[in-house]
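1. Just a sequence and a predicted model for now, questions to come.
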Amino acid sequence: MSVYTVKQMARLSGVSVRALHHYDAIGLLRPRAVGANGYRYYDREDLLRLQQILFHRALETPLKDIQAALDDPGFDLAAALRAHRVRLASEAERYARLVDIVDRTLADLKGDETMEDKEMFKGFDPAKQARHEAELVERYGEPMAERIAQSTAGMKSWGKGDWAGFQQEAAAIEHDMARALSQGLPVDSDPVTAIMRRHWAWIAKSWNREPTPDAFAGLAHLYQDNPEFTARYEAIAPGLTEYLAEAMRAFAERRAA
């Protein structure tokens, strides 16, 4: 039977050593054995459990719910895989619709196609957006409702080029952060700080106002706590949610100083 150290497990799965240590600390994925030298050792059962964790993360399941499901005495791996397949197929259809919107918007920008304004938003989930907004208001109080209204008002004036540029910058920031994570750059390093400066500006454009350091740090906590955000970032690069949140808090502290 193959046995893997935490570094080997990280290379094999793409999950960062930092994330594996976190999973161990919260009891979500404990190594099969710990050597006298303190090294963690994982076996094939651990690999399968990690695969389940990543499936659940991709499907926006909170960590506490993942642990409850996997530790249930009645857990059936084959049944879980079949259930994942059904949900992933549904998500694949939804993302295919979103890809079509991207392609049609790009074609419209080039002048190859005329797209009705209302068609720009087909495929998005209004109920999910409403949940995000309600969560923000619940967490930060009624002043957040006013900020959401301010943000919405600002976006009403955006044209198709504004939306395309906004989405492209978000993707570029996420890509650059994932690369910084893979390079092991500290969250307060100059390259990561430069990315955070762009992220700050991106948030300011989204909110139609400059964020305060406290609000920027609070958004980092929201990214970590909300399963939809964590699923998005973990799908880009395992460990990216925590890395991004730490970088945002470090940048906020620097702005507040």
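-> Perfect, thanks for sending it. Numbering: from 1, shown residues only.
2. mind checking the end-to-end distance for stretch 61-75?
-> 16 Å (CA to CA, to the nearest Å).
3. what distance separates it from the centre of its chain?
-> 20 Å (CA atoms, centre = their mean, to the nearest Å).
4. Contacts only, for V3.
-> Counting by CB atoms under 8 Å, 6 or more residues apart in numbering, V3 makes contact with R32, Y41, Y42, D43. All C-beta spots, glycine's among them, are computed from the backbone N, C-alpha and C.
5. is it true that the third one touches Y4?
-> Spelled out, it's Y42. Yes. Contact criterion CB atoms under 8 Å: Y42 and Y4 qualify, at 4.7 Å.
6. out of the two, which sits in the more crowded spot?
-> Y42 (25 against 20; other CB atoms under 10 Å).
7. what packs against the helix or strand where L109 lies?
-> In the assignment (DSSP states H and E), L109 maps to helix 77-110. Applying 3 or more CB pairs under 8 Å, 6 or more residues apart in numbering; DSSP states H and E, we find helix 77-110 packed against helix 44-58, helix 160-182.
8. a markdown table please, covering those and showing mean neighbour count, mean pLDDT and distance to A215.
-> Converted to a markdown table, the helices and strands packed on helix 77-110 look like this (neighbours: other CB atoms under 10 Å; pLDDT from 0 to 100; distance: least, CB to CB, whole Å):
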| stretch | mean neighbour count | mean pLDDT | distance to A215 |
| --- | --- | --- | --- |
| helix 44-58 | 18 | 88 | 26 |
| helix 160-182 | 15 | 87 | 18 |
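9. Would you convert the ones you listed into a markdown table that also reports distance to E228?
-> Below are these laid out as a markdown table (distance: least, CB to CB, whole Å):
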| stretch | distance to E228 |
| --- | --- |
| helix 44-58 | 11 |
| helix 160-182 | 15 |
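10. Compare those helices and give me the one nearest G239.
-> For G239, the closest of these is helix 160-182, at 6.2 Å, according to CB to CB.
11. Can I get stretch 247-254 as PDB, trimmed to CA atoms?
-> The C-alpha coordinates for stretch 247-254 follow below in PDB (Å, rounded to 0.1, in the frame of the first residue of the first chain):
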ATOM      1  CA  ALA A 247      -3.500  38.700   2.000                       C
ATOM      2  CA  MET A 248      -6.600  41.000   2.200                       C
ATOM      3  CA  ARG A 249      -6.300  41.300   6.000                       C
ATOM      4  CA  ALA A 250      -2.600  42.000   5.700                       C
ATOM      5  CA  PHE A 251      -3.300  44.700   3.100                       C
ATOM      6  CA  ALA A 252      -6.100  46.200   5.200                       C
ATOM      7  CA  GLU A 253      -3.800  46.400   8.200                       C
ATOM      8  CA  ARG A 254      -1.200  48.200   6.100                       C
END
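12. which residues touch it?
-> So stretch 247-254 is contacted by 177, 187-188, 192-193, 195-197, 199-200, 213-214, 216-217, 219-220, 223 (CB under 8 Å, 6+ apart).
13. Please list only the buried members of these.
-> 177, 187, 192-193, 195-196, 199-200, 213, 216-217, 219-220, 223 (16 or more other CB atoms under 10 Å).
14. And the furthest pair within those?
-> Top of the distance list for these (CB to CB): M177 and P213, 19.0 Å.
15. re the thing from before, which stretch among the helices and strands packed on helix 77-110 comes nearest L109?
-> helix 160-182 (6.1 Å).
16. Which residues outside that closest one are in contact with it?
-> By CB under 8 Å, 6+ apart, the surrounding residues in contact with helix 160-182 are 16, 102, 105-106, 108-109, 115, 120, 158, 189, 191-192, 195, 198-199, 202, 205-206, 233, 236-237, 239-240, 243-244, 247.
17. Just the buried ones out of those, please.
-> 16, 105, 108-109, 120, 192, 195, 199, 205, 233, 237, 239-240, 243-244, 247.
18. Can you flag which of these belong to helices?
-> T105, D108, L109, V192, I195, H199, K205, Y233, L240, Y243, L244, A247 (DSSP state H).
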